[in-house]
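K.L.:
What follows is a predicted protein model with its sequence.
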2 protein chains.
Amino acid sequence: MKTVTVPLGARSYSIFIGDGMLGDRQCWRDIIAGRRTMIVTDEIVAEHHLGRLTATLGDDCATCVLAAGESRKTLATAGEVWNRLMEARFARDDVLIALGGGVVGDIAGFAAACYQRGIACIQAPTTLIAQVDSAVGGKTGVNHPLGKNMIGAFHQPAAVVADPGTLATLPDTEYRAGLAEVIKYGVILDADFFAWLEANIDALLEQEHDALAHAIARSCEIKAAIVAADEHEQGQRALLNLGHTFGHAIETGLGHGRWRHGEAVAAGMVMAADFARRLGWLKHDDARRVRDLVVRTALPDWAPAELDAERLLTLMASDKKVRGGRLRLVLPRAIGRAEATADFDHELLRRMLKEGPAE
Amino acid sequence: MKTVTVPLGARSYSIFIGDGMLGDRQCWRDIIAGRRTMIVTDEIVAEHHLGRLTATLGDDCATCVLAAGESRKTLATAGEVWNRLMEARFARDDVLIALGGGVVGDIAGFAAACYQRGIACIQAPTTLIAQVDSAVGGKTGVNHPLGKNMIGAFHQPAAVVADPGTLATLPDTEYRAGLAEVIKYGVILDADFFAWLEANIDALLEQEHDALAHAIARSCEIKAAIVAADEHEQGQRALLNLGHTFGHAIETGLGHGRWRHGEAVAAGMVMAADFARRLGWLKHDDARRVRDLVVRTALPDWAPAELDAERLLTLMASDKKVRGGRLRLVLPRAIGRAEATADFDHELLRRMLKEGPAE
C-alpha cells in the first residue's frame, strides 16, 4: 500500500493506494473509527464492487444507489442523497462514502458538503480518472441545465481509498481516457514522470500492477502539491486545466457524452502543446513527444473536423475560465513546466485551429 | 456609522451599522468595488427597501425577488436564485446581496456558497434578528421537509450592512422577537451589557436611535468574538444556543410559524435560567432578572401550557444538538457566563417542566 498525504492543515488527509483496498478491514476500521456510514454509489458500480465494500464494513452500513450517468449529476440527485440521510437520521459526525467514478464522487461530495453544513466524506474512486484526479482536491458539485459543475462546493474528503484492482472492470476506452489526466501531470509539472510514462505506457495499458500503482501515486502526489499550494483555485491550481479549455470546447461542441472528458483533454493537450510551439514557447520535439504519447495511448490528438475554427473559438470564449473578459490558456513552456497566460496572439490561435495539426 | 470587524484571517469582514446605510453611495461603492451585483430579496422587503438600494447601486444591478416566508426556505427557492445567476451569466468574481430578514439571508447566502463553488455575498439585513444574529457568522442554508436548516454551508459574508432605519417598517412583534437574541448576548457573555439593557429597554422598545445602534453593535461584537473563536461550531459557538433547545422544542411542538423564533428563544432563556437556578448554578435573583427583562420586552416567559412535560422532553431529545445520544443544554452559571453541559439531573428537568415557572 502506498500513502500520499494532502497537507491542508486541519483539513489534511491521506490517500491510500493499493490492490484489494476495498477488502482491507483494518484500514477501513481505522478510517471510519466507529462512526455511522452510508455508501453512495451508482447501479453499475454497485454491481461490481458494492458487495465487497459492504462485506468489509459490516451490516450496519447504509447504502444509497443512484441511477448511473453524467445526465444524473443534478441537484435532484443530490436531493435523493439528502432524503436518504434525513430518513436514516444521519448526524454531523457520521460519514458518507463515495464509491464510484467522478460523477458519484462529485454528487456524494457535494451532498456531504451541504448536509448539516458539512459531514465527512471518504472518496473510494473506482475509475482511473477519479483515482488520479477528481477524488483528490475537494472539488464537488452538480451540473446546472445551463452549465457543468455550476452548483458545488469545496469540500475536502476525510480520506481517499483507491483500489487499482477496481479498474479491471472498466471499459478499455474509459481506462485510456483516465490516462490522459496522468499524462497531463507529467506535462505540467514533472518531466521525469513524463519520461517514465513514455517508457512504461505499454505496461500501463496492460494494467501491470506496479506500474499502475506508481502512476496513480505519482499523479496524486502532484495533484496534492498543487491543491496544498492553492486550495481554492486562485492561482497555481489553474495549471491542472492544461488541455481543458480546448477540451471543454470539444465536449460542448459535440454535445456532452460523445467524447469522454479524458479524450477531449488528450486532444486539448496536444493542441495546447502545438500552440505553445507556434508561440515559440515549446521546442518542436517536445510538442511531438506530447502528441506521440497521446497517440500511443490510443487517444484522440486533435479536435474533430466537424468543429471548425470559428466554432471552437466561440466555445472557448464562453469557457468559465475566462476572467475579466480575457481568454486564459494553460500552455507548456517545456515538458514539466506549464503556465497560464492571457497574453498571446489570438490570430495565431485562429490560424492554428484553421490549419489543424502540424505534420 | 459604527464598524465591527469579524476577525477570521483571509475571511475577515466588516459589519457597518448606521441609519441610512442603504442609501450610502460611497460605502456601497467601496464594498462593491466595481463588481457585478445581484440583489436577492423577497416581495415584502422589496416593497419597502428595494427601490432605495437599487437607486444607491445604480441601474446595472440585477434583482431576484422571491416569494416571502419561511415555507419558501427550500432547495427549490435556492434553485430559483441559481437559475437567475446562470441566466444573467454571473461569474466567480461577481457579488450577491441578500436584502431582507433571516430567511432571505439564509437562502441567498447558501446560493452564493454553492454558485460556482462560492461567490461573494453581502448581507444587508432588514430585521433586528438578522442584524444582530443571522447575517453575522456565515451560517447559511435551507430547510428539508424533515428538518430545519438541514441543507446548508458555512459561507462568511464579504460584508454586512445593517441599517437600523429599516426596522421602523417591521411589525412590532417581529421587532420584539429580535430583542430576545439581544438579551441572549447579555446572558451568555456580558453582564454589563445585560445591565445596560435593563436600563435602556424602554428606549429600545421605542427604537431610539442611539440605543438601538449600540444594542446592534454590541450584539455583533459579541457574536463576532464567538464566531472568530469557533467558526464551525465545534465548541464555544454552541453558547449561542442558549434558550434554543427549549425554544426549538416549543417551535416544533406548536408547529413552525405559530410562535416566532425569538419568542420561543425568550421563553427558552427563562426556562434555561430557571433550570440553572434549580441546579444551583444560578442565583435566584439572577434567574428573576432574566425573566423580568423578557417580560418587560413583552415576550413569552415559558412554554405554552398545551405542550406538557413529556412532549417537551421528547422534542428536546430529537434536537440536532443532541450528540452521541446525550442531550446538551446551554445554561447560565451567572448573568454574563453560560456553559454547555450534558451532565445534569434529567429528573429535575422533568420536574421543572411539570411544575412550570417558579413564582
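P.N.:
Yep, it's here.
K.L.:
How about whichever helix in chain A runs longest and chain B, touching?
P.N.:
Scanning chain A for the helix with the most residues, using DSSP state H, yields helix A:209-229. No - counting by C-beta under 8 Å from any C-beta of the partner chain, no contacts exist between helix A:209-229 and chain B, the nearest distance being 13.6 Å. For the C-beta atoms, the positions are set from N, CA and C on the backbone; glycine is no exception.
K.L.:
which residues of chain A score low on pLDDT?
P.N.:
A:319-325, A:359 (pLDDT under 70).
K.L.:
Would you map the strands across it?
P.N.:
A:2-6, A:13-17, A:37-42, A:62-66, A:95-100, A:120-125, A:139-144, A:147-154, A:159-162, A:329-334, A:337-341 (DSSP state E).
K.L.:
Need those strands in a markdown table (columns: distance to chain B).
P.N.:
Below are these laid out as a markdown table (distance: least, C-beta to the nearest C-beta, whole Å):
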| stretch | distance to chain B |
| --- | --- |
| strand A:2-6 | 18 |
| strand A:13-17 | 17 |
| strand A:37-42 | 15 |
| strand A:62-66 | 15 |
| strand A:95-100 | 14 |
| strand A:120-125 | 13 |
| strand A:139-144 | 5 |
| strand A:147-154 | 5 |
| strand A:159-162 | 19 |
| strand A:329-334 | 17 |
| strand A:337-341 | 15 |
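K.L.:
Would you tell me which of the ones you listed gets closest to residue B:29?
P.N.:
strand A:147-154 (28.9 Å; C-beta to C-beta).
K.L.:
Isn't residue A:132 up against residue A:223?
P.N.:
Yes - Residue A:132 lies in contact with residue A:223 (C-beta atoms under 8 Å); the separation is 7.3 Å.
K.L.:
How much space separates the residue lying closest to residue A:316 once chain neighbours are set aside from residue A:299?
P.N.:
Closest residue to residue A:316 apart from its sequence neighbours, by C-beta to C-beta, 6 or more residues apart in numbering or on different chains: residue A:249 at 4.7 Å. Separation of residue A:249 from residue A:299 (C-beta to C-beta, to the nearest Å) stands at 17 Å.
K.L.:
Equivalent analysis for residue A:58, please.
P.N.:
For residue A:58, the distance to residue A:299 - C-beta to C-beta - is 41 Å.
K.L.:
Who has more neighbours out of the two?
P.N.:
residue A:299 (23 against 12; other C-beta atoms under 10 Å in any protein chain shown).
K.L.:
Might you report the residue contacts of the residue in the stretch 101-250 of chain A that chain B sits nearest to?
P.N.:
Per C-beta to the nearest C-beta, residue A:146 is where the stretch 101-250 of chain A lies closest to chain B, at 4.2 Å. Neighbour list for residue A:146: B:86-87 [criterion: C-beta atoms under 8 Å, 6 or more residues apart in numbering or on different chains].
K.L.:
redo that, cut-off 6 Å
P.N.:
residue B:86 (C-beta atoms under 6 Å, 6 or more residues apart in numbering or on different chains).
K.L.:
who has more neighbours, residue A:132 and residue A:223?
P.N.:
residue A:132 (27 against 24).
K.L.:
Pretty sure the more buried one sits against residue A:180.
P.N.:
No - taking contacts as C-beta atoms under 6 Å, residue A:132 lies outside contact range of residue A:180: 9.9 Å.
K.L.:
Quick one: name the residues of the stretch 51-200 of chain A near chain B.
P.N.:
A:82, A:86, A:114, A:117, A:144, A:146, A:150-154 (C-beta under 6 Å from any C-beta of the partner chain).
K.L.:
okay, these in JSON lines with distance to residue A:287 next?
P.N.:
Below are these laid out as JSON lines (distance: C-beta to C-beta, whole Å):
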{"residue": "A:82", "distance to residue A:287": "47"}
{"residue": "A:86", "distance to residue A:287": "53"}
{"residue": "A:114", "distance to residue A:287": "43"}
{"residue": "A:117", "distance to residue A:287": "47"}
{"residue": "A:144", "distance to residue A:287": "36"}
{"residue": "A:146", "distance to residue A:287": "35"}
{"residue": "A:150", "distance to residue A:287": "33"}
{"residue": "A:151", "distance to residue A:287": "37"}
{"residue": "A:152", "distance to residue A:287": "34"}
{"residue": "A:153", "distance to residue A:287": "37"}
{"residue": "A:154", "distance to residue A:287": "34"}
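K.L.:
most surrounded residue in the residues you listed?
P.N.:
Going by other C-beta under 10 Å, residue A:114 tops these with 30 neighbours.
K.L.:
which non-adjacent residue is nearest that one?
P.N.:
residue B:151 (5.1 Å).
K.L.:
Could you do residue A:307 as well?
P.N.:
Here the residue nearest residue A:307, using C-beta to C-beta, 6+ apart, is residue A:253, at 4.4 Å.
K.L.:
what's the distance between that neighbour and chain B?
P.N.:
Here residue A:253 is placed at a distance of 19 Å from chain B (C-beta to the nearest C-beta, to the nearest Å).
K.L.:
shouldn't that residue be in contact with residue A:316?
P.N.:
No - the pair residue A:253 / residue A:316 is not scored as a contact, 9.8 Å apart, by C-beta under 6 Å.
K.L.:
Tell me how many other residues crowd the residue nearest to residue A:353 when sequence neighbours are not counted.
P.N.:
Spatially, and ignoring its direct neighbours in sequence, residue A:353 is nearest to residue A:309 (3.6 Å; C-beta to C-beta, 6+ apart). By the measure other C-beta under 10 Å, the count of residues near residue A:309 is 16.
K.L.:
swap in the one 3 residues further on?
P.N.:
Other residues near residue A:312 come to 21 when the count uses other C-beta under 10 Å.
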